[in-house]
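Participant: here is a sequence with its predicted model. Questions after.
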Amino acid sequence: MAGPPRVHAIIYSWPAVHRQAFEIAKQIAPHVHRASVVACSDTPVQHEAGLEVFMLDNSCYFGRQFQKTIEVFDGDVLLQIAADTTADWAAVARQCQMRFQSVPNLAVWSPDIDGTTWPNQHVTLYNTDDPNLIGIVQSDCIVWALSRPLVDFLRTLDFSKTPLGWGIDWAAIAHSYANGGRVMRDLAVKIHHTLGTGYNREEADRQRHVFLAALPENDRIQLLMMYGVIDARRR
């Protein structure tokens, strides 16, 4: 990328974390091209004037939030942040921008998250000359960043098949690898997140299978290889 990419940070909020979401947006806004919040609530949400907030009803989970995100995304890089996280958000924004400017063909970037289903020992594919940058087969989508071409592809998918949102990260990563993109985790940036879900995991996994079955054939082939890497790491 020739110049600094325009990063659009979009924070996901729900009733338990609205205040935290608005604080993240306030902290990161001076360091990005645009900062927005996608908030789920059945009642009006009070926030500071000037903060861009897109409202959804509280029945919406990650799948609908992500669909709204890629509808409103305006930039070169989408930096998506779940509000139940803590970090130095200025540092996150700067590092994200720097990596997309300096790493060729970077499609997916993720910081190092301490509360994730996908720890480094299970998802590392290769090391790089930079000890803080590793190639991975799963980033999780708690805090991650996507290139504009990848977002453009994701806009073609049917998110009604995965309202709980499982499979979106797999689809993004598989498509990246199938098309020469790089998927990296940045160990120089730390995120704290408490692991947990508030929905039915079996139903979420069923939706994931349906959603991913509709991917292009080359992407599905990449998925199988990604699963194989994780299975081998877990043995």
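Facilitator: Yep, it's here.
Participant: tell me the buried residues in the helix or strand harbouring Ala93?
Facilitator: Using DSSP states H and E, Ala93 maps to helix 89-102. The neighbour-count check on helix 89-102 (16 or more other C-beta atoms under 10 Å) flags Trp89, Val92, Ala93, Gln95, Cys96, Gln97, Arg99, Phe100 as buried. The C-beta positions use only the backbone N, C-alpha and C, and glycine is treated the same way.
Participant: tell me where the model's unsure across this structure.
Facilitator: Confidence mapping of the chain against pLDDT under 70 gives the ranges 1-2, 198.
Participant: now render the buried residues of helix 89-102 as JSON lines, adding distance to Tyr126.
Facilitator: Formatted as JSON lines, the buried residues of helix 89-102 follow (distance: C-beta to C-beta, whole Å):
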{"residue": "Trp89", "distance to Tyr126": "29"}
{"residue": "Val92", "distance to Tyr126": "24"}
{"residue": "Ala93", "distance to Tyr126": "26"}
{"residue": "Gln95", "distance to Tyr126": "20"}
{"residue": "Cys96", "distance to Tyr126": "21"}
{"residue": "Gln97", "distance to Tyr126": "24"}
{"residue": "Arg99", "distance to Tyr126": "16"}
{"residue": "Phe100", "distance to Tyr126": "19"}
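Participant: could I get the contacting residues of Val189?
Facilitator: If a contact means C-beta atoms under 8 Å, 6 or more residues apart in numbering, then Val189 has Ala87, Ala91, Val92, Gln95, Pro111, Asp112 as its contacts.
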